[in-house]
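[1] What follows is a predicted structure for the sequence shown.
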Amino acid sequence: MPHRQAYVERDRHGRERLVLGGGRRRSSSADRISAGELLTAAQARIQTLEIELGQLQTRLSFEQSGQWNSRRERDRLTAENYQLQGQLQVQVQEVTRMEDLLFDEEERNKKLEEKYRLMKRSRSRSRSGSSEYRRAYEEKAQEVEILRVRLAEKDEILRLNEGRLAEKDRALREKNVTISYFKDYLQTHGFRVQDR
């Protein structure tokens, strides 16, 4: 009579049970599995489960390490984001100040232009007075042009910083999505994940 094999199977509730192979026949003393065979089958199953457990623990360690690194990167990006926002605020204030200064200079320039027009119309003014007004007007016009250039540079710096800030925000959102994915993944595989 052929020797019957025993194997372990899992029911729908996840419990394991030992099942004897072969068709359904009446058990005889030859068909019965000895205690030694049952012990050997159970030890083999324990070894298999220990290997699976070791693999899961290794995977968990790897995932937790990745999660910790992601959190560290997220914290770094948050700090950098905060710093960039501070720098951006300072630059916004500087641009506002420059715009105010430019506005004041343009107003002065308009007044000088008006004075210059009046001076040209006036025949009672001397030639030296006219050249003095012209020189003052030209100096102010140069100052206004310098301020315009500086304002354009500040606007460009502000635009670049806003782009960097948007990129950092996007990277931070991606890290948060990755962390959430790993947490959900570990929890669905029966691991308890704690927030640090």
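    Thanks, I have it. Numbering: from 1, shown residues only.
[2] middle-most residue in the chain, spatially?
    Leu172 (1.3 Å; CA atoms, centre = their mean).
[3] For that one, which non-adjacent residue is spatially closest?
    Leu77 (4.6 Å; CB to CB, 6 or more residues apart in numbering). In this view, the C-beta of every residue, glycine as well, is placed from N, C-alpha and C.
[4] By residue count, what's the longest helix in the chain?
    helix 35-121 (DSSP state H).
[5] So which elements touch that one?
    strand 6-10, strand 16-20, helix 127-188 (3 or more CB pairs under 8 Å, 6 or more residues apart in numbering; DSSP states H and E).
[6] Can you verify Val193 is assigned to a strand?
    No - using DSSP: H, G, I helix; E, B strand; the rest coil, the secondary structure at Val193 is coil, not a strand.
[7] how near is it to Gln67?
    8 Å (CB to CB, to the nearest Å).
[8] where does the protein dip in pLDDT?
    Across the chain, residues meeting the criterion (pLDDT under 70) sit at 1-7, 17-32, 122-130, 195-196.
[9] count of neighbours near Leu102?
    17 (other CB atoms under 10 Å).
[10] if you skip the residues just before and after it, what's nearest to it?
    Per CB to CB, 6+ apart, closest to Leu102 is Leu147, 4.6 Å.
[11] Let me see the contact set for the one you found.
    Residues counted as contacts of Leu147 (CB atoms under 8 Å, 6 or more residues apart in numbering) are Met98, Leu101, Leu102, Glu105.
[12] Please, a PyMOL command that selects the buried ones among those residues?
    Applying 16 or more other CB atoms under 10 Å to the contacts of Leu147 leaves a buried subset, and the PyMOL line that selects it is:
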select buried, resi 98+102+105
